[in-house]
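1. Just to be clear, the model below is a prediction. Sequence and coordinates:
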Amino acid sequence: PTYAPEPTRPPSMMHDGDNDPSGHGDYTVWQWKIHERLSFISSKDIDTPGTAQYKAAQWMLHQDEMGYNSDSPYLYQRFVLAIFYFKMEGTPCFDLNESVDECTWDKTGCNTDGFVTKLSLANCNVGGVIPTEIPWGFDLLELLDLSGNKLVGTIPAELDLLKR
């Protein structure tokens, strides 16, 4: 497997609750910036408890040890993979490993630059609707296998944004 470059750790863990327009006064400056970037692609779902987007954002903000900065080119792909993880019903078919980059996770394939190009989640008990965030996280996606899952609804129009 190919590994993504080592990300920069959060520059500051000081609180800046007084200047936090998101209403999350307990966020650090670094967390607020990450939340702001993730909100751009997930809208209100990121702040709705119980949604996969909310759980993925909370995992990235509070447990993920990779420490991607808000301007990391890998931020969105990690977030979308976490969304898929939290959409799995029952035993997940891959683990969210907070201490390594996502190119080493099961079910992913990456190019030499560390960007996900393949995601094979066949028969992984992914439930609900297909995440509309896919094009944001996987700009270079060549293969997406979601067969044999518990998906409902229509294929999101946002998938037309994929380059391949």
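-> Thanks, I have the structure now. Numbers count the residues shown, from 1 in each chain.

2. pLDDT below threshold where in the protein?
-> Across the chain, the ranges flagged by pLDDT under 70 are 1-25, 164.

3. mind listing the strands for it?
-> Counting by DSSP state E, one finds strands in the chain at the ranges 108-110, 116-120, 127-128, 143-145, 150-151.

4. right, and those strands - which one's nearest Met88?
-> Of all the strands of the chain, it is strand 127-128 that lies closest to Met88, at 7.3 Å by C-beta to C-beta. Placement of C-beta: from N, CA and C, glycine included.

5. name the helices or strands packed onto the closest one?
-> strand 150-151 (3 or more C-beta pairs under 8 Å, 6 or more residues apart in numbering; DSSP states H and E).

6. Partner strands of the strand it packs on and their direction?
-> Applying DSSP bridges, strand 150-151 is found paired with strand 127-128 (parallel).

7. What about Pro135, how many residues nearby?
-> Using other C-beta atoms under 10 Å, the number of residues around Pro135 comes to 19.

8. What are the neighbouring residues in contact with it?
-> Contacts for Pro135 (C-beta atoms under 8 Å, 6 or more residues apart in numbering) come out as Glu158, Leu159, Leu161, Leu162.

9. Could you export those residues as TSV, including distance to Asn125 and neighbour count?
-> Listed next are the contacts of Pro135 as TSV, based on distance: C-beta to C-beta, whole Å; neighbours: other C-beta atoms under 10 Å:
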residue	distance to Asn125	neighbour count
Glu158	23	15
Leu159	21	14
Leu161	26	12
Leu162	24	14
